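Visitor: Fold the following.
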Amino acid sequence: MRAIFKREFQACFQSVIGWLFLSVTLAFYFLYYYVYNLNYGYPYISYSLNAIAFIFLVTVPVLTMRVLAEERHAKTDQLILTAPVSVGKIVTGKYLALAAVYSIAVALISLSPLFLGRFGSVPYAESYAAILGFWLYGLTCIAIGTFVSSLTESQVIAAVLTFVLLFLGYMMDGITQMISSAGNLLTRLLGCYNLTAGMERLTNGQLDITAVIYYLSMIVLFLFLTTQSIQKRRWSASLKKMGIGIFNAGFCIAAAAAVVILNLTVDVLPATLTNIDCTAAKLYSVTDDTKRILSALNQQVDLYVLASESSRDEQLAATLQKYEELSSDIQVTYVDPAVSPNFYQKYTQDQISQNSLIAVCGERSKVIDYSNIYETEVDYQTYSSKTTGYDAEGQLTSAIQYVTNEDMPTVYTVTGHGEISVSTRFKELIEKMNLGLKELNLLETDAVPQDCKALMILGPSTDFSKDDADKVRNYLADGGKALITTQYTTDAMQNFKSILEAYGLQLNNGMVIEQNQERYYQNPMYLLPEISYDTLTEKVANEYIFAPYAQGLAIQEQEQDVRSYTELLTTSEQAFLKADVQNMTNFDKEEGDLQGPFTIGVSVIDSQSEAQLLVYTSAMLFSDSADQQVSGNNSTLFASSIRSLAAQSESSSLIVIPVKPYTQESLVLSQGTILTAGFFSVLAIPVLLIAVGVLIWMRRRKA
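Guide: Predicted structure coming up:
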C-alpha cells in the first residue's frame, strides 16, 4: 500500500493536476480570507470556509477523474489487480494519496488563524473546529470522486458524474425542502446524503461528534463501494460471475443501509454526549447557574414553542433540548400556529411572533417573545440591523425561576431629585432577575414602602430635603438595602451626603483625574478602576469596569465600628481630585487638588441593623453607553450588586444569565499589512504553485 500511495502522490505533482488543485483551492480561500478577515477584520475564518464550500464541485472531479479511470482506459489496471496486494489496500493507497494532496492545502489554511492572532483576539477553538469540518467535507468529496472513477474508463464521464453526485449532496437541503417542508420518511432518508450539513455544524462553533462520524462513515462506505466495483471486474464471464455479482450488489446495499442506520442512531443521542461547545461565549452550552436551578426543580415546567418542528429555530431548539436533558421536569412542546392560532391567548393578549416561548408551571406563566431571544443593534454604516448576541439561556432560566417562585421582590428607584433613570439594558436585567421595578417619590409617601427589598438612588443632581434624607436613613436603620450612585454637581448636597456620612462615607467635592495611563480610556476622566476581588466582583475581577466622571470617596472608619467596609473599585495612587471642575482648562494637578488614591466603589454592612449600602461615585457607571464600552462588564457588576441587596437567601432565586455575544471584537490591521498579506496570499502563492506545476509538466513532456 505504501508503494501505491507514493506512486500516486508523485503522479499528482508530476503533472499539473495536483498543483492546479492546490492553487485553485488556496486562491479562492485566500480571496475570501482577504475580504472577510483581513479587510473587514472578522476573527472568524468559518466565514471564508463556508463561502468556498462550492469549490469542491469543480476541483474534486478534476483531481479524482484519472485516479482509476485512466489506468482502466490504458489497460494497466490489470497489472495492479494481479499484484500481491489486496484491492482494499490498492484503493486505500490511491485515496490516501489524493487526501494527502488536499491536506497540504488544509495545512496552509490552518496557519491563517495564527496570523490573525497577531492583530487581536481570535477564537482558536472555533477556527480549528471549522477547519476540521472543511477537511472532512473535502475528504468525503474525494472518496465519492474515487468511487465514480472506478466505474468508467472515461475521465470526462468520471468528472461529470462526480460533479453531479457532489452537486446533489451540496443541494440536498434545498431538494428535501422542495419535496416537503414539514419533513417525512423520504426527506429523512435523502437527508442522509446532505454533504454540507455536517460542515455547517462544525463551522458554527461546535465540535459535533455526529458530523465527524457521518463524514468518516461516508468515506469508509464509498471506499468500500470502490473496492467492490474493482473486485467485481476480477471475475471472468461465467455463471460464477453472475453469482458473485448478485452477492456484490447485496453486500453494497447492506453496507449503505448500515451507514444510514449508524448515522440515524447517532443523530438521536443526547446533545450533551455528541456536542462540544468551542465558542468563546459558550453559545451552545448552559452555565453552571442554570444547571443548578434545573437540578433543584421539583415541579413540572412546560415550555411551549409557537412553531412547527419543521419551521423551528434550530439554535433555539438545540438549547431547549439541553434543558430537557438536564431535567426530567422540563417538557418542551411545539405548537404550530397554523393549527392552533389562538393558543397563546390563554397566556397573553399581546401579539407575539413565531418561535416565541411560553413557560408554564401550575397557574403561573411567562411569555418570552422571539425578539428577546436575540440581541440586535443597528449598524450605522449600512443602516441595517445585525444580530450581536444570543439570550435564550438568560430568558429561559429567568422564566423558569419566575413560574416556579411565588414571591417576586420589588426594587424601588428614587425620583424627584434629578436622578438618572434606569436605562434599557439595566431594566431588562432587573426583569430577568424576576424583580419588580417601581418609582418612588419620597415627597409623596411617609416612608419607604415595606415591600422594598432594595432602594436605588441613581445620581441625584439636586439635594434631598431633610425629610427625604430622614426617610432613607430610617429605612436603612430598619435593615434596609440601598444601591447609591453619585454625580458631580455644584450643589452642596448636604442632606444627600448626610445619608452617606451616617455610614462613615465622605463624598469629596470634585472629580477624579487619573494620571496612570493604564487606568483610563482616552480621557483621564474615563476611569478604568482597579477591581478588588470580592463575591460582588468575582465575575469581572479580571476584566475592565468603565467609570466615567467619578467622584472621590473617603471611608471614615472608627474604632469598635459595627460596620464593615469592602472597597470594590479604586483609583491608582497617581489619581487626584480636581476641585475646581468648572474652570479647569487641562488635566494638570493644581494647588488645592487632593492626591489619591480614591475609593469609587464600596460595600458597607452594618452588623447591628443589617443595613447594606453599595455606593459607586460614577453616575454613568450603570448606563447603556458605559456598559457597551466594556462588553457588558458594568451590567454584570450591576446584576451582582442588585442580587446581593435583594436576594432573601443564598438561593438561586435572583440568578441572571447575561447575553452571550455572537462575535468578538474586530481585528485591527493596518492598510499596509492588509495589502501585503493579500498580495502574497491571493496572488503570489497560487500563481507560484501554478508556475511550478506548469514547469514540471513541460520538462516531463520534453523528456
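Visitor: The stretch 301-450 of the chain: helices as residue ranges?
Guide: 314-326, 392-404, 424-432 (DSSP state H, counting those that start in this stretch).
Visitor: One more: the stretch 151-300 of the chain?
Guide: Ranges of helices in the stretch 151-300 of the chain, per DSSP H, counting those that start in this stretch, are 155-179, 185-190, 197-203, 209-232, 239-267, 271-274, 288-295.
Visitor: what's the strand or helix carrying S498 packed up against?
Guide: Per DSSP states H and E: S498 is located in helix 494-501. Packing contacts for helix 494-501, counted by 3 or more C-beta pairs under 8 Å, 6 or more residues apart in numbering; DSSP states H and E, involve helix 466-477, strand 505-507. C-beta: built from backbone N, CA, C; applies to glycine.
Visitor: what about 10 Å?
Guide: When contacts are defined as 3 or more C-beta pairs under 10 Å, 6 or more residues apart in numbering; DSSP states H and E, helix 494-501 sits against helix 466-477, strand 481-485, strand 505-507, strand 612-616.
Visitor: Just put those in TSV and tack on mean pLDDT, mean neighbour count and distance to N39.
Guide: Listed next are the helices and strands packed on helix 494-501 as TSV, based on pLDDT from 0 to 100; neighbours: other C-beta atoms under 10 Å; distance: least, C-beta to C-beta, whole Å:
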stretch	mean pLDDT	mean neighbour count	distance to N39
helix 466-477	95	18	55
strand 481-485	95	24	42
strand 505-507	92	18	49
strand 612-616	95	25	41
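Visitor: Ok, which of these comes nearest I4?
Guide: Across these, I4 has its closest neighbour in strand 612-616 (72.0 Å, C-beta to C-beta).
Visitor: From the chain's centroid, how far away is the closest one?
Guide: 34 Å (C-alpha atoms, centre = their mean, to the nearest Å).
Visitor: Pull up the pairing partners for that strand, direction included.
Guide: Using DSSP bridges, the strands paired with strand 612-616 are strand 481-485 (parallel), strand 599-606 (antiparallel).
Visitor: then that strand to CSV, C-alphas only?
Guide: Extracted as CSV, the C-alpha positions of strand 612-616 are listed here (Å, rounded to 0.1, in the frame of the first residue of the first chain):
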residue,chain,number,x,y,z
GLN,A,612,-26.3,47.3,53.5
LEU,A,613,-25.1,50.0,51.2
LEU,A,614,-23.4,49.8,47.8
VAL,A,615,-22.1,53.1,46.8
TYR,A,616,-20.5,54.0,43.4
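Visitor: Show the residue spans covered by the helices in the stretch 1-150 of the chain.
Guide: Counting by DSSP H, counting those that start in this stretch, the helices of the stretch 1-150 of the chain are 2-14, 16-32, 46-51, 56-64, 69-73, 77-81, 87-109, 112-116, 124-149.
Visitor: neighbours of the nearest residue to A51 once chain neighbours are set aside, just the number please.
Guide: Distances taken as C-beta to C-beta, 6 or more residues apart in numbering place Y32 nearest to A51, at 4.5 Å, with adjacent residues excluded. The burial count assigned to Y32 is 17, neighbours taken as other C-beta atoms under 10 Å.
Visitor: quick one, what contacts Y32?
Guide: With contact taken as C-beta atoms under 10 Å, 6 or more residues apart in numbering, Y32 is in contact with 45, 47-52, 682.
Visitor: And it, how far from F54?
Guide: Separation of Y32 from F54 (C-beta to C-beta, to the nearest Å) stands at 11 Å.
Visitor: what pLDDT does R364 get?
Guide: Reading off the confidence values, R364 has pLDDT 91.
Visitor: wait, what's in contact with it?
Guide: When contacts are counted by C-beta under 10 Å, 6+ apart, R364 touches 301, 399, 402-406.
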